[in-house]
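Q: this is the structure alone, sequence omitted:
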């Protein structure tokens, strides 16, 4: 049996953090670790495809290619599997990318945030 209060790190990412059902499973795993006497540190990375998208956005920004960034953001906005708040942030960043290349794009709706927002899981 493990020593009481021993730390254990549990890491999840990709598809394992992409749905509410998966988060419930994560909660069950953590609960079992706590019941076994551990202290749990939960680490999660981005949901499926988000890390790849972020790397591509960074590469296009570093290369000075706003059109590539806009195309990536268009894909995010069109993906119905992406959380609505993430799509909303993508829309705002798309507007910024267009403005950065000299366009006069305006947000599509007044609800588009002026700055990225923190996305919290639904309860």
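A: That came in fine, so what should we check first? Remember, predicted model here, so these are calculated numbers, not experimental data. Residues are numbered from 1 along each chain as shown.

Q: what about residue 82, neighbour count?
A: Counted with other CB atoms under 10 Å, residues neighbouring residue 82 total 20. C-betas here are computed from N, CA, C, even on glycine.

Q: sorry, slip of the keys, the one I care about is residue 33.
A: Using other CB under 10 Å, residue 33 has 20 neighbouring residues.

Q: can you tell me the closest non-neighbouring residue to it?
A: residue 40 (4.6 Å; CB to CB, 6 or more residues apart in numbering).

Q: please apply the same query to residue 100.
A: Here the residue nearest residue 100, using CB to CB, 6+ apart, is residue 66, at 5.7 Å.

Q: was I right to think the one you found contacts residue 96?
A: No: between residue 66 and residue 96 there is no contact under CB atoms under 8 Å: 9.3 Å.

Q: and the residue nearest to residue 100, how far from residue 75?
A: Using CB to CB, to the nearest Å, we find residue 66 at a distance of 15 Å from residue 75.
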